[in-house]
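Chemist: next come a sequence and a model predicted from it.
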Amino acid sequence: MFVDRVKIIIKAGNGGNGSVSFRREKYIPNGGPDGGDGGNGGDVIFSVNPGLHTLMDFRYKKQFKAQHGGDGRGRNQTGGNGESLVIEVPPGTIVRDEQTGLVLADLTVPGQRKILAGGGRGGKGNVHFATSTRQAPKFAREGGRGQERSVMLELKSIADVGLVGFPNVGKSTILSILTAARPKIADYPFTTLIPNLGVVEARKGRSFVMADIPGIIEGAHDGVGLGYEFLRHIERTRILVHVIDASGAEGRDPLEDFHIINRELRDYSEKLAEKPQIIAANKTDIPGTQENIERIRAGLEPMGCRVFPVSAAQNKGFGPLLDEILQLLDELPEPESFEEEVDIYRPDVEREQPYEITLVNGEYVISGPAVDKLLGMVNLDDYDSLQYFQRMLRKQGIIDALREKGVQDGDTVRMNDFSFDFLN
């Protein structure tokens, strides 16, 4: 089975928590704080493996998690960093954010790697919160949360030249003649169930990659037949070699077939319809084909499509076709990347919307990542920690924001499960 579009969930590791610890040694009964920091959470990294050709490995496994960072310990011991998770994908894989559709990565080059979910930073131990007036802080900072996102993986075959045309016009046979590829070939619709790629070794050491795109039929842009499951594989090609059955032996009109395929390309993507096309008029070994060749030339060459009669059965006529492909490849620009600039980062709460204040049943409810972070770094049973908590409320502008919302002395303020009365 060929799988070329899947949805998965990736989750980077959380950062380890900072430690609350105090130095306790012989003759030093009241030593200072020595709580170590937490380790960083592991990232989720996508890596291109040229040995892979499908997204089959993601058919059953849908969730991928990197390792969490270790918690800090006493004696200033830092927790270990979480191990990053490397997800291998085939060349040509595009990773999109499922919610926005934004392209996060266009993975084309073997060995290419990209972080798509950043691990949380480790929390600070209590040693960082000691001051001249607060010499024994009984609180530390929790580790940051690792980034989590739902992504779509989409495989678009990478080839310079794409062979398109109706089923049974000879695309697979032509690919096998021109390259070392050995696709399965038989005489029935949709013989090719996956895009086959091969390297064409042309003259003077020149080479290019050619892909046999599975048969496209009328209505393919709406999903008829194998439809858009394979149309997407043509998007990366620079040239289309349109293979038609010049003999009309199966009762089909080659010119009509040409126009049907191009309508499907245009309905799927205007860019596809604008790609340069070369016509490979196949099956010229069948008697009576010459008259059709002249009609095909008269109909297509005025449109800018050069026609090259070939016979895959007799391996004839491919020299001029290859020369034309090479000349066009020299003239055309390199294909555009699908990649967009997306900021992938370690998800620190300062870079998110820090908090919001809503009035619920008479209570002022403060929620958001800044709240989670602040509550995670204080010990509400400790006086020094509460003093620090109050200073942070002012420093982060939460007190001023509450006043703007109309809070009065004695009103209840709630942050997650913690509630207190507001006093100016």
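Modeler: Cool, got the structure. Residues are numbered from 1 along each chain as shown.
Chemist: surely G162 and T237 touch.
Modeler: Yes: in terms of CB atoms under 8 Å, G162 counts as a neighbour of T237; the distance is 3.7 Å. For every residue, glycine as well, the C-beta is placed using N, CA and C.
Chemist: so for those two, which residues contact both of them?
Modeler: Common contact partners of G162 and T237 (CB atoms under 8 Å, 6 or more residues apart in numbering): A211.
Chemist: if the residue nearest in space to the middle of the chain is in a bridge, with which residues?
Modeler: Nearest to the mean C-alpha position of the chain, by CA atoms, centre = their mean, lies V95 at 1.2 Å. Beta-bridge pairing for V95 (DSSP bridges): A105, L153.
Chemist: what's the separation between it and A312?
Modeler: Applying CB to CB, to the nearest Å, the value for V95 to A312 is 37 Å.
Chemist: got the residue ranges for the strands in the stretch 1-150 of the chain?
Modeler: 5-11, 44-48, 63-65, 85-89, 93-97, 103-107, 113-117, 148-155 (DSSP state E, counting those that start in this stretch).
Chemist: need those in CSV with mean pLDDT and distance to G317, can you?
Modeler: Listed next are those as CSV, based on pLDDT from 0 to 100; distance: least, CB to CB, whole Å:
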stretch, mean pLDDT, distance to G317
strand 5-11, 94, 37
strand 44-48, 96, 37
strand 63-65, 97, 49
strand 85-89, 96, 38
strand 93-97, 91, 36
strand 103-107, 89, 36
strand 113-117, 93, 44
strand 148-155, 92, 33
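Chemist: and these as JSON lines, adding distance to Y388?
Modeler: Putting those into JSON lines (distance: least, CB to CB, whole Å) gives the following:
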{"stretch": "strand 5-11", "distance to Y388": "31"}
{"stretch": "strand 44-48", "distance to Y388": "34"}
{"stretch": "strand 63-65", "distance to Y388": "33"}
{"stretch": "strand 85-89", "distance to Y388": "35"}
{"stretch": "strand 93-97", "distance to Y388": "37"}
{"stretch": "strand 103-107", "distance to Y388": "38"}
{"stretch": "strand 113-117", "distance to Y388": "31"}
{"stretch": "strand 148-155", "distance to Y388": "30"}
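Chemist: the residue nearest to the centre of the chain is in contact with L104, isn't it?
Modeler: Yes: between V95 and L104 there is a contact under CB under 8 Å: 4.7 Å.
Chemist: hang on, the earlier thing: what sits against the residue nearest to the centre of the chain?
Modeler: 46, 103-105, 107, 116, 151-154.
Chemist: now swap in N49 and tell me
Modeler: 88-90, 110.
Chemist: report pLDDT for it.
Modeler: N49 is assigned 92 on the pLDDT scale.
Chemist: measure it to D57 for me?
Modeler: Distance from N49 to D57, by CB to CB: 10 Å.
Chemist: for E356, give its distance to I286.
Modeler: 73 Å.
Chemist: neighbour count winner among these two?
Modeler: Each of E356 and I286 has its neighbours counted (other CB atoms under 10 Å); I286 has more, 15 against 12.
Chemist: wait, a strand at the more buried one?
Modeler: No: counting by DSSP: H, G, I helix; E, B strand; the rest coil, I286 falls outside a strand, being coil.
Chemist: touching, it and N292? I think so.
Modeler: No: if you go by CB under 8 Å, I286 and N292 don't touch, sitting 9.6 Å apart.
Chemist: list the residues that contact both of these two?
Modeler: S247.
Chemist: gap between G368 and L402?
Modeler: As defined by CB to CB, G368 lies at a distance of 14 Å from L402.
Chemist: settle it for me: which of those two has more neighbours?
Modeler: L402 (19 against 16).
Chemist: need the three-state assignment for that one.
Modeler: Strictly by three-state DSSP, L402 counts as helix.
Chemist: let me know the pLDDT of it.
Modeler: pLDDT for L402: 91.
Chemist: please apply the same query to G219.
Modeler: Reading off the model, G219 has pLDDT 44.
Chemist: so G165 makes contact with I261?
Modeler: Yes: judged on CB under 8 Å, G165 makes contact with I261 at a distance of 6.5 Å.
Chemist: any low-confidence regions in the protein?
Modeler: Counting by pLDDT under 70, the chain shows low-confidence ranges at 1-3, 27-29, 180-195, 203-205, 215-230, 335-353, 377, 424.
Chemist: quick one, domains of it?
Modeler: As given by automatic domain parsing, the domain ranges for the chain are 1-155, 161-331, 351-421.
Chemist: straight-line length of the second one, end to end?
Modeler: Yep, that's domain 161-331 we're talking about. Taking CA to CA, to the nearest Å, domain 161-331 runs 14 Å from one end to the other.
Chemist: also stretch 117-136?
Modeler: Chord length of stretch 117-136, first to last residue, is 36 Å (CA to CA).
Chemist: now swap in stretch 70-78 and tell me
Modeler: End-to-end distance of stretch 70-78 (CA to CA): 8 Å.
Chemist: for the stretch 301-424 of the chain, which segments count as helices?
Modeler: Using DSSP state H, counting those that start in this stretch, the helices found in the stretch 301-424 of the chain span residues 318-331, 369-376, 383-395, 398-404.
Chemist: those helices: which one's closest to N17?
Modeler: helix 369-376 (7.9 Å; CB to CB).
Chemist: now do the buried residues in the closest one.
Modeler: Residues of helix 369-376 classed as buried by neighbour count (16 or more other CB atoms under 10 Å): 369-374, 376.
Chemist: with stretch 58-71 instead?
Modeler: Those buried within stretch 58-71 under the rule 16+ other CB under 10 Å are 58, 64-71.
Chemist: how far off centre is that stretch?
Modeler: 16 Å (CA atoms, centre = their mean, to the nearest Å).
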